[in-house]
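1. The following comprises the amino acid sequence and a computationally predicted model.
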Amino acid sequence: SGAYSNEYIGLLFENSKIISILTSHLIIGYEPFNVASEFLCRGQCFIKTRLKFIENHQNQFDEKSFLLFIKNLSLFSCFYGILPGQLTEIYLLTYFLIYFYITILIINEDKQLNKLMKTFGLHPIIYWTARFFFDFILSIFYSFFLLFIYSLNDKNDLFNENKFQQILNNNNIQIKFIFYSITFIISASTLPFIYLITKIMKNDLIAGLFILLLLILIEIFDLIRILIIIMMKNSIKLNLFYWLINIIFPPLNGKRLIGIILINSSKNLCKLIENDQYILSKMGFFKEINRNDFLKHILISLFQIISLFICLFLIDTNILNDKLFRLKNVSINNLNDELNEEELDDDVLQERITLISNKNLSLYPIVSFDIIKKYPHQQYLAINHLTFSVHQGECFGLLGFNGAGKTSLFKIIVGEEKPTNGSIYIYGKKYDDFFRGTCRDIGYCPQYDCIQDKLTLEDYFYLFGRLRGIFHYHLQQTIEIISKLFLLDLFLKQYVQQLSGGTRRRMHSALAFLGPPTIILLDEPTTGVDPYSRRQMRRIFEYALNNDITMILTSHSMEECELLCSRLAIMSRGQFQCLGYIQDLKNKFGNGYTINIKINSNENPENLSNLYNYLKNKIDIKIHHKTESTIILQVDYSSPPKLFDLIQQIKDKYHIETYIIEQTTLEQIFFSLQYSNI
């Protein structure tokens, strides 16, 4: 038998340099001898520890190694849902494999790649199911790898004079083979648990260490649980506590499942122990394992996997986030940011009234219907009751300073975020999220780069092409065409992390055109792109517009907006300050015309002042900028022909070398409207 004596501690001074301590205290109190060594010897000697236990109940002592003692702990698995002691370290090693899952997941989340894939049509259920089966299969390979390593290194003594010890050794070998073969059961319920935790972690290193520490703490808690079970007398409380812990902690339930399998695989040993009345008198009273509980643990694992996947789905669809936000932030009616329609521009208000009264929204490719977006811990609305439509085949420009709400609007349109209130309509279909197939009609170039270091540019095209549903026999040809159009054919074999910022922007723009979609959203697509490539991209955009594709463009380049957009809006504080065709906006918000005049500096220096006085008597002007030889004049009300005739008549008199008459630029309108709202 393996019964143990009481605790005895003795000091044996073998020589002046070595102190040996003999103890039979087997469970706790072993490591503190290192501290005692430092205190007693002060670095001049060391303490050598040995463990003593009783080999049988006739009190015959025999000195055994700590490793052999751990092996004898196998008999505990016949009574409790714990793993044999010699398997604990290997069991914890399985968490290192999970650590690698964590880092990959968080890196992808941090680089926004997962969100972009979901925008392109990857359903969360498909993503997490595929992710789970891939990681699960990987854990099976890992289990068999451990089994292979063990089979090469196991050196158990199969021949022992003690019959019980021989049975124990044979049992340990059998248990190890079974254990290494089924460690993937740990991953079955632990992986979804880890997936859920990664949703709240941002740094891969910190998250990996945190989760690894959490899993180890759960194991320590399991040991404490055994002590609590031993101390508890009430069987009802005992059972309730046992099952509650298994439901709350998926790793423990997986380990308990393995423990039951190992018990059923140790019939010879457990049968021998259970027939030993001496051992039963010591430990059998606390027996908690029922071999018929196997099915219950399987059902708990299935429940944990399904419930955790439901939580992941609710988070990825923003349903859970939206519900929590509404609970935290009261209702929309309690917000102090109700829309004051009197402050809206006439064209913006007219657009709002038209869409609210129009019941046939299917006439428009995109309709933003009274969209409100409020983020937690913010006093103002990121998007404030925004209502507008985009017409078929037009490029709708969206301008505004950083933080005006443009990117938030894009995220709502593609379904990456849910609005606090209001809806997006795609061809008349309410589009609250991107999980109903409508997302295949939308191409999206995000403002941020979504990259995976281990993928080449060609891999990216294959990945997103398949997400778009392009058949494999068309995909190669599609990639060749799209890469040549965006001048990316020379970079196909390069890793995305090696590409320059401008090349990455071209890549994201090219991905937006895969499909092809009927609606394309471009969030600053040409930022950081060289002039030659930018001109090529504009040609592609113009070609798409000529083929009746609808586009929404945000850009900090006013020139680009004037070239591509037919209508545009200038956004500030989550609402449009103006909306309409570019020429109409210039006529409405522009300050007439700007006259840029340069005179011959060698002539009379008073010519510039005389010229200004003359023009001031003829038309209403004011000086915008002046140097010794040039003057820029702002004309409020006049017509281009009248201005040309007037300056042409006095050109020779005042020695005018060149002059330019131009209408107020879009940039001037942009700044005037933005600064008026600061």
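-> Alright, I've got the coordinates.

2. where does the stretch 151-300 of the chain have low pLDDT?
-> Within the stretch 151-300 of the chain, the ranges that satisfy pLDDT under 70 run 151, 153-186, 202-204, 208, 225-235, 258-259, 261-292.

3. Repeat that for the stretch 401-550 of the chain.
-> Filtered on pLDDT under 70, the stretch 401-550 of the chain yields the residue ranges 432-440.

4. would you list every one of the helices in it?
-> Listed in chain order, the helices of the stretch 401-550 of the chain (DSSP state H, counting those that start in this stretch) span 406-414, 457-467, 472-485, 501-512, 531-546.

5. Pull up the gap between residue 535 and residue 611, please.
-> 39 Å (C-beta to C-beta, to the nearest Å). C-beta: built from backbone N, CA, C; applies to glycine.

6. neighbour count winner among these two?
-> residue 611 (20 against 11; other C-beta atoms under 10 Å).

7. Quick check: the more buried one touching residue 654?
-> Yes - using C-beta atoms under 8 Å, residue 611 is in contact with residue 654, at 4.5 Å.

8. quick one: common contacting residues for these two?
-> Here residue 611 and residue 654 have residue 599 as joint contacts, going by C-beta atoms under 8 Å, 6 or more residues apart in numbering.

9. Show me where the stretch 351-500 of the chain has its strands.
-> 366-373, 383-390, 395-399, 421-426, 429-430, 442-445 (DSSP state E, counting those that start in this stretch).

10. what are the pairing partners of the fifth one, and which direction each?
-> Within its sheet, strand 429-430 is paired with strand 421-426 (antiparallel), according to DSSP bridges.

11. For the partner strand, give me every contacting residue.
-> 332, 361, 364-372, 385-386, 412-413, 430-432, 438, 441-442, 519.

12. Just the buried ones from these?
-> Buried members of those, scored by 16 or more other C-beta atoms under 10 Å, are 361, 364-372, 385-386, 412-413, 431-432, 438, 441-442, 519.

13. Can you name the residues in contact with stretch 502-513?
-> Contacts for stretch 502-513 (C-beta under 8 Å, 6+ apart): 120, 443-446, 449-451, 457, 460-461, 464, 482-483, 485-488, 491, 496, 499, 520-522, 525-530, 533, 537, 540, 544.

14. Could you turn the buried ones of these into a ChimeraX selection?
-> Applying 16+ other C-beta under 10 Å to the contacts of stretch 502-513, the buried members can be selected in ChimeraX as follows:
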select :120,443,444,445,446,449,450,451,457,460,461,464,482,483,485,486,487,488,491,496,499,520,521,522,525,526,529,533,537,544
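
15. Next, the buried residues of stretch 662-678.
-> Neighbour-count burial for stretch 662-678 flags 664, 666, 668-670, 673-674 (criterion: 16+ other C-beta under 10 Å).

16. Could you save those residues as a markdown table and add columns showing pLDDT and distance to residue 316?
-> Shown next, in a markdown table, are these (pLDDT from 0 to 100; distance: C-beta to C-beta, whole Å):
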| residue | pLDDT | distance to residue 316 |
| --- | --- | --- |
| 664 | 75 | 47 |
| 666 | 79 | 39 |
| 668 | 75 | 44 |
| 669 | 79 | 41 |
| 670 | 79 | 37 |
| 673 | 72 | 38 |
| 674 | 63 | 36 |
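
17. wait, which of those is closest to residue 339?
-> residue 673 (18.3 Å; C-beta to C-beta).

18. Leaving out the residues flanking it, which one is nearest to the closest one?
-> In space, and not counting its chain neighbours, residue 673 is closest to residue 577: 4.7 Å by C-beta to C-beta, 6 or more residues apart in numbering.

19. What residues of the helix or strand that contains the one you found count as buried?
-> Using DSSP states H and E, the element containing residue 577 is strand 575-581. Within strand 575-581, the residues that count as buried by 16+ other C-beta under 10 Å are 575-580.

20. Give me the angle between it and strand 383-390.
-> Relative orientation of strand 575-581 versus strand 383-390 (axes from the mean of the first three to the mean of the last three C-alpha atoms, to 10 degrees): 10 degrees.

21. Just the angle for the following helix or strand past strand 575-581 relative to strand 575-581, thanks.
-> Going down the chain from strand 575-581, the next helix or strand is helix 582-589, by DSSP H and E. Helix 582-589 and strand 575-581 are oriented at 120 degrees to each other (the same axes, to 10 degrees).

22. Give me the mean pLDDT for helix 582-589.
-> Averaged over helix 582-589, pLDDT sits at 83.

23. which residues are contacting it?
-> For helix 582-589, the external contacting residues (C-beta under 8 Å, 6+ apart) are 347, 561-562, 565-568, 578, 580, 663-664, 666, 669, 672-673.

24. isn't residue 664 right next to residue 595, touching?
-> No - counting by C-beta under 8 Å, residue 664 stays clear of residue 595, with 11.9 Å between them.

25. Could you report the separation of the residue nearest to residue 673 from residue 588?
-> 12 Å.

26. Helix, strand, or coil at residue 625?
-> Following DSSP: H, G, I helix; E, B strand; the rest coil, residue 625 is assigned to strand.

27. Now it: closest residue in space that isn't a chain neighbour?
-> Residue 625 sits nearest to residue 632 (C-beta to C-beta, 6+ apart), 4.2 Å away.

28. How about residue 300?
-> Residue 300 sits nearest to residue 253 (C-beta to C-beta, 6+ apart), 5.2 Å away.

29. Point me to the helix or strand that includes that neighbour.
-> Residue 253 belongs to helix 250-264 when assigned by DSSP H and E.

30. How about residue 598?
-> Residue 598 belongs to strand 593-599 when assigned by DSSP H and E.

31. Give me the next element, helix or strand, following that strand.
-> helix 607-618.

32. my read is the residue nearest to residue 625 is in a strand, agree?
-> Yes - if the criterion is three-state DSSP, then residue 632 is within a strand.

33. What average pLDDT does stretch 641-649 get?
-> Averaged across stretch 641-649, pLDDT comes to 83.

34. and the gap between residue 575 and residue 538?
-> Remark: distance between residue 575 and residue 538 (C-beta to C-beta) = 29 Å.

35. Oh, that last question was meant for residue 550, not what I typed.
-> Per C-beta to C-beta, residue 550 is found 17 Å from residue 538.

36. Contacts only, for the nearest residue to residue 534 once chain neighbours are set aside.
-> The spatially closest residue to residue 534, leaving aside those adjacent along the chain, is residue 526, at 4.8 Å (C-beta to C-beta, 6+ apart). For residue 526, the contact set (C-beta under 8 Å, 6+ apart) comprises 505, 534, 537-538, 555, 557, 560.
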